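K.L.:
Sharing a model that was predicted from the sequence below.
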Amino acid sequence: MKKIIITIIAIVILVCIVVGMIFIQKSNNNKSDLKTIQVNEVTRSVFYAPQYVAISKGFFKDHGIEIELTTGQGADAVMTAVLSNQCDIGFAGPEASIYVYNEGKEDYTQVFAQLTKKDGSFLISRKQTDNFSWQDLKGKTVIPGRKGGVPYMTLEYVLRKNGIDPKKDLVLDDSIKFDLMAGAFASGNADYVTLFEPTASLTQNQKKGYIVASVGKEAGEIPYTAYFAKKSYITNNKDTIQGFTDAIYQGQQWVKDHSSKEIAEQIQSFFPDTDIDLLTTVIQNYKDIDAWNDTPILKEEAFNRLQEVMSMAGELKNKVPYDKIINNSFAEKSVNK
């Protein structure tokens, strides 16, 4: 009897070992089936919630992609990473691709998926006010980000729209790097600063400044942030680009169909220093201004408006043909599946 019991125990242990080895092998095989894609985002912001949802919900993995996400802290840095093959896909304003095309590079970048359709920054005032007017900026100093970047140019567009000359009526201090803007403002520099979320709401919660306006709401629709890669990469990795775009579209639809609280819970791991209630408020701020594209398609009308904004800012002498740097073929397939 004792020998039978020992034999049964040995068999059970052996079965457990075999099952465990099969499970480990299967897990390893699943991991090896995923293609790692290096993505460099312009900054870490709740403004890009659909992207983080696509990662956390496993939409990329469903398409055989493992995302390795890094933050470039500025469109210039992102574009440099893409052109030097430090990453596969860049995520920044489409203006970066326009600049590169006009430089005459043979293997220039093409935009294949749009994520946001409005400026995601908020104007922060040093003083609290219940009756803000854009005219309040006259004679003041504003920290707007890098000259030539979409945030800077969109703010200029809004100023002109409100009858303010960006070159004469106020000072736009572009000497401060993007990731240092909030700190510089908190230290006493300038009267106003433009900040993305969650930094804008954190600044207000700490009573270091007060949100007085949404730049995006005032400016209207513009292709603000999008995904791009070198032409050669897109040509040689069509299935990967398609899968990537499919995942982004799924993220956009999920954000569209879910509440701010549900989105906050899904992306909280990307913002560990921001509590869930603040994160929910921030997401609702972006929902209120209709910041996110419902699809990855970048429309020609929006692209032309972007180039008009760039021209008005004096940053674009030669406009680029829409079909040269915008490749909607992947986005259209994603939407029409």
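P.N.:
All right, it came through fine.
K.L.:
where does the nearest residue to residue 45 once chain neighbours are set aside land on pLDDT?
P.N.:
Spatial nearest neighbour of residue 45, excluding adjacent residues (C-beta to C-beta, 6 or more residues apart in numbering): residue 196 at 4.4 Å. Any C-beta I mention is one placed from the backbone N, CA and C, and that applies to glycine too. The model reports residue 196 with a pLDDT of 90.
K.L.:
burial of residue 196, as a residue count?
P.N.:
Taking other C-beta atoms under 10 Å as the neighbour definition, residue 196 ends up with a count of 25.
K.L.:
Please list all residues in contact with it.
P.N.:
Listed by C-beta atoms under 8 Å, 6 or more residues apart in numbering, the contact set of residue 196 reads 43, 45-47, 120-122.
K.L.:
Would you format those residues as TSV with pLDDT and secondary structure included?
P.N.:
TSV is the format used below for the contacts of residue 196 (pLDDT from 0 to 100; DSSP: H, G, I helix; E, B strand; the rest coil):
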residue	pLDDT	secondary structure
43	90	coil
45	91	coil
46	93	helix
47	93	helix
120	90	coil
121	92	coil
122	95	strand
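K.L.:
Helices of the stretch 101-250 of the chain, residue ranges please.
P.N.:
Listed in chain order, the helices of the stretch 101-250 of the chain (DSSP state H, counting those that start in this stretch) span residues 150-161, 181-186, 199-205, 215-219, 231-236, 238-257.
K.L.:
what does the model give the residue nearest to residue 149 when sequence neighbours are not counted for pLDDT?
P.N.:
Taking C-beta to C-beta, 6+ apart as the measure, residue 149 lies nearest to residue 75, with 5.7 Å between them; neighbours along the chain are not counted. Among the per-residue scores, residue 75 holds a pLDDT of 88.
K.L.:
again with residue 83
P.N.:
Among the per-residue scores, residue 83 holds a pLDDT of 96.
K.L.:
what about it, distance to residue 99?
P.N.:
Going from residue 83 to residue 99 by C-beta to C-beta, to the nearest Å gives 11 Å.
K.L.:
more crowded one of those two?
P.N.:
residue 99 (21 against 16).
K.L.:
From residue 317, how far out is that one?
P.N.:
When C-beta to C-beta is the yardstick, residue 99 and residue 317 sit 11 Å from each other.
K.L.:
Could you list the low-pLDDT ranges of this structure?
P.N.:
Of all residues in the chain, those with pLDDT under 70 make up the ranges 1-32.
K.L.:
residue contacts, the residue minimising distance to the centre of it?
P.N.:
Among the residues of the chain, the one closest to the centroid is residue 48, at 4.0 Å (C-alpha atoms, centre = their mean). For residue 48, the contacting residues are 41, 91, 115-116, 225, taking C-beta under 8 Å, 6+ apart as the criterion.
K.L.:
Quickly note the distance from residue 195 to residue 185.
P.N.:
Between residue 195 and residue 185 the distance is 8 Å, computed by C-beta to C-beta.
K.L.:
ok, now residue 276?
P.N.:
26 Å.
K.L.:
Neighbour count for the two, which is higher?
P.N.:
Neighbours were counted for residue 276 and for residue 185 using other C-beta under 10 Å; residue 185 has more, 24 against 12.
K.L.:
Let me see the contact set for the more buried one.
P.N.:
By C-beta under 8 Å, 6+ apart, the contact set of residue 185 is 124, 126, 143, 193, 195, 203, 208-209.
K.L.:
Let's see that with 6 Å instead.
P.N.:
By C-beta atoms under 6 Å, 6 or more residues apart in numbering, the contact list for residue 185 reads 143, 193.
K.L.:
Name the helix or strand for residue 302, please.
P.N.:
Element membership for residue 302, per DSSP states H and E: helix 300-312.
K.L.:
Tell me the buried residues in whichever helix or strand comes after that helix?
P.N.:
Downstream of helix 300-312, the first helix or strand assigned by DSSP H and E is helix 322-325. Judged by neighbour count using 16 or more other C-beta atoms under 10 Å, the buried positions of helix 322-325 are 322, 325.
K.L.:
after helix 322-325, next one along is what?
P.N.:
Per DSSP H and E, helix 322-325 leads on to helix 329-336 as the next helix or strand towards the C-terminus.
K.L.:
packing partners for that next one?
P.N.:
Packed against helix 329-336 by the contact rule (3 or more C-beta pairs under 6 Å, 6 or more residues apart in numbering; DSSP states H and E) you find helix 238-257.
K.L.:
try 10 Å
P.N.:
Based on contacts counted as 3 or more C-beta pairs under 10 Å, 6 or more residues apart in numbering; DSSP states H and E, the elements that helix 329-336 packs against are strand 109-116, strand 225-230, helix 238-257.
K.L.:
Quick check: can you list the domain ranges of the chain?
P.N.:
Structurally, the chain divides into domains by automatic domain parsing as follows: 1-33, 39-118+224-336, 122-219.
K.L.:
if we can go back for a sec, what do residue 83 and residue 99 both touch?
P.N.:
With C-beta atoms under 10 Å, 6 or more residues apart in numbering applied, the overlap between the contact sets of residue 83 and residue 99 consists of 105, 108-109.
K.L.:
from those, which would you call buried?
P.N.:
Buried among the shared contacts of residue 83 and residue 99 by 16+ other C-beta under 10 Å: 108-109.
K.L.:
and residue 38, which of the three is it?
P.N.:
What DSSP: H, G, I helix; E, B strand; the rest coil gives for residue 38 is strand.
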